[in-house]
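> Just the structure for this:
(2 chains)
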Number of protein chains: 2
Amino acid sequence: MTTTASTFRARFEEAAVRNDSLLCVGLDPDPTKLPAGVSTREFLFSIVDATADLVSCYKPNIAFFEPDLAEGITLLRDLIAHVPDGVPVLLDAKRGDIGHTAEAYARAVFDSLGADAVTLNPYLGRDSLEPFLRRGDRHAFLLCRTSNAGAGDLQDLEVEGHPLYERVAYLANEWNERGNVGLVVGATYPEEAARIREICPDLLFLMPGVGAQAGEVQAAVQAATDARGGGILVNASRGVLYAPPAEGERWVDASRRAAESLRDEINRARAR
Amino acid sequence: MTTTASTFRARFEEAAVRNDSLLCVGLDPDPTKLPAGVSTREFLFSIVDATADLVSCYKPNIAFFEPDLAEGITLLRDLIAHVPDGVPVLLDAKRGDIGHTAEAYARAVFDSLGADAVTLNPYLGRDSLEPFLRRGDRHAFLLCRTSNAGAGDLQDLEVEGHPLYERVAYLANEWNERGNVGLVVGATYPEEAARIREICPDLLFLMPGVGAQAGEVQAAVQAATDARGGGILVNASRGVLYAPPAEGERWVDASRRAAESLRDEINRARAR
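Numbers count the residues shown, from 1 in each chain, chains lettered A, B, ... in the order given. A predicted model of the protein is given here:
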């Protein structure tokens, strides 16, 4: 699984074809849910080893590594390095800060940690995103319509007759000069996703919220795929990582089974 | 400089009276600007030692520690622990993520790193802030009107006839049930700051942007202080940390002189 693709988008698309998959697995360690006697490092590395031929992306969320401080950050860097070359890594970090500071974050995410893409918060405006966007080989997914219950507090506010998240979608098109802007669009809101796809026919959508957050795969996929039936990264974290093993089944096999089943469910929805 | 105050706000107010200061010093290490032969650790610890009787708060920005990975995060934790008890620490992190993830960030910021307060991004709505807000002894400063040039891209969008940042100010009042919500209001936009103070007479404002970002101290202070002439944390980072020494002056004395001069300038503006 080596690659010669030079951008995040090309690497994602290559993996999506090779593995026939729009599944992105979220690597969010929860010490209270690990199988007995298994370290966080061993757990995450094993999940990657067991699912790398079933996914088009991995998405560790840095929040779950930060509470362990130095040890957690070292593990995150090692985990990103452990992912096979043929599968890109999107770091879920939701960063957003002014120019000088955003440059430090971009260095941390892309250079020190080695991620291929990142999630960003657009509230500070274009100049806060620029240190990330200028890295044309990487990808920046801007929060647009998030999957949580309170998403609407700001995102649904009406701006010139349309919700704020639609304005963010238009801005994302405008800011996509290097072809490396994507959007975060919760799988829990299919109607909103369909509207955002109308506005942004060409952007990649990261779609969290299936599984533990109860988003329905079929509705989300049908609402959000692009004209070629792709362009989305459907993310599942806990539903894959902590899939309950059947009697006598190894935990890592249960995770693989959950990933395969979700990949196939996504593909059935695309085919319809 | 010990304290018996039990909340961030009380500790800030105690320090503001003791040191007659509304100055917050931003601890943002830049390896290219350190004095010759001085390590980042030695530099930051010395800055704290030299200015702790002149400030009401310290504000390290985690972005400047992340590029150094494990070493940086360990230094940040040690730095926070090094700040004397009588001066609170606000971690500039601009975090914002959905519930489960926000809980992990709150643990990292408040428990693992030991900060007394944090900056947060409100774009994901109230439920994303709740894991921080429920810590009644800590303080959460929500981005409202930031100091950067592109701040208006989203923050100035008109919602029911008023800019989005005003809506965030109203929401901050509403979400301030435990008295621990503050706002980030750039010192570079005094008119906006005055309007936000009208909306939020009781909230603490963190005001970045003086010095390197060219915000004017007098205009910012007069626009934003509360009815008692307080309620603001005027932040300066590079202007204090990297103050150029006069001939024969030690770098740490130049930083102390810059902090003292800024504290006095703020106090003159309050007195007018």
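
> all contacts plus neighbour counts: C-alpha atoms, from now on.
Will do.

> what comes into contact with the top helix by length along chain A?
When chain A is parsed with DSSP state H, its longest helix is helix A:251-271. For helix A:251-271, the surrounding residues in contact (Cα atoms under 8 Å, 6 or more residues apart in numbering or on different chains) are A:21-23, A:25, A:35, A:46-47, A:50-51, A:54-55, A:217-218, A:221-222, A:225, A:229, A:239-246.

> In ChimeraX, select just the buried ones from these.
With 16 or more other Cα atoms under 10 Å in any protein chain shown as the criterion, this ChimeraX line picks the buried residues out of the contacts of helix A:251-271:
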select /A:21,22,23,25,47,50,51,54,55,217,218,221,222,225,239,240,241,242,243,244
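
> restrict the contacts of helix A:251-271 to contacts with chain B.
By Cα under 8 Å from any Cα of the partner chain, no member of the contacts of helix A:251-271 lies near chain B.

> Give me the subset of the contacts of helix A:251-271 that lies in strands.
Among those, the members falling in strands (DSSP state E) are A:23, A:25.

> Among the contacts of helix A:251-271, name the ones in helices.
By the criterion of DSSP H, membership of the contacts of helix A:251-271 in helices covers A:46-47, A:50-51, A:217-218, A:221-222, A:239-241.

> Run the chain-centre distance for the longest helix of chain A.
17 Å (Cα atoms, centre = their mean, to the nearest Å).

> returning to that earlier point: now the ones in helices among the contacts of helix A:251-271 in JSON lines, with pLDDT?
Formatted as JSON lines, the ones in helices among the contacts of helix A:251-271 follow (pLDDT from 0 to 100):
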{"residue": "A:46", "pLDDT": "98"}
{"residue": "A:47", "pLDDT": "98"}
{"residue": "A:50", "pLDDT": "98"}
{"residue": "A:51", "pLDDT": "98"}
{"residue": "A:217", "pLDDT": "93"}
{"residue": "A:218", "pLDDT": "93"}
{"residue": "A:221", "pLDDT": "96"}
{"residue": "A:222", "pLDDT": "95"}
{"residue": "A:239", "pLDDT": "94"}
{"residue": "A:240", "pLDDT": "97"}
{"residue": "A:241", "pLDDT": "97"}
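
> doesn't residue A:167 make contact with residue A:156?
No - at 10.3 Å, residue A:156 and residue A:167 do not qualify as touching, with contact defined as Cα atoms under 8 Å.

> Counting neighbours, go ahead and name the busier of these two.
Neighbour count, other Cα atoms under 10 Å in any protein chain shown: between residue A:156 and residue A:167, residue A:167 has more, with 19 against 15.

> leaving aside the residues next to it on the chain, what's closest to that one?
residue A:159 (7.7 Å; Cα to Cα, 6 or more residues apart in numbering or on different chains).

> My read is that residue A:65 contacts residue A:79, right?
No - at 10.9 Å, residue A:65 does not count as touching residue A:79 under the criterion of Cα under 8 Å.

> Which one's more surrounded, these two?
Remark: of residue A:65 and residue A:79, residue A:65 carries more neighbours, 22 against 19, as counted by other Cα under 10 Å.

> Could you report the distance from the more buried one to residue B:112?
According to Cα to Cα, to the nearest Å, residue A:65 stands 11 Å off from residue B:112.

> Could I have the CA atoms of stretch A:203-221 written out in PDB?
Output of stretch A:203-221 as PDB, limited to C-alpha atoms (Å, rounded to 0.1, in the frame of the first residue of the first chain):
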ATOM      1  CA  LEU A 203     -15.700  19.800  -1.900                       C
ATOM      2  CA  LEU A 204     -14.900  16.800   0.300                       C
ATOM      3  CA  PHE A 205     -17.200  16.400   3.300                       C
ATOM      4  CA  LEU A 206     -16.100  14.900   6.600                       C
ATOM      5  CA  MET A 207     -19.200  13.400   8.100                       C
ATOM      6  CA  PRO A 208     -19.000  12.500  11.800                       C
ATOM      7  CA  GLY A 209     -22.000  11.300  13.800                       C
ATOM      8  CA  VAL A 210     -22.900   7.800  12.600                       C
ATOM      9  CA  GLY A 211     -23.000   5.100  15.200                       C
ATOM     10  CA  ALA A 212     -22.600   6.400  18.700                       C
ATOM     11  CA  GLN A 213     -24.200   9.700  17.700                       C
ATOM     12  CA  ALA A 214     -27.100   7.900  16.000                       C
ATOM     13  CA  GLY A 215     -26.800   9.400  12.600                       C
ATOM     14  CA  GLU A 216     -28.300   7.200   9.900                       C
ATOM     15  CA  VAL A 217     -25.900   6.100   7.300                       C
ATOM     16  CA  GLN A 218     -28.200   5.800   4.400                       C
ATOM     17  CA  ALA A 219     -29.800   9.200   4.700                       C
ATOM     18  CA  ALA A 220     -26.400  10.900   5.200                       C
ATOM     19  CA  VAL A 221     -24.700   9.200   2.300                       C
END
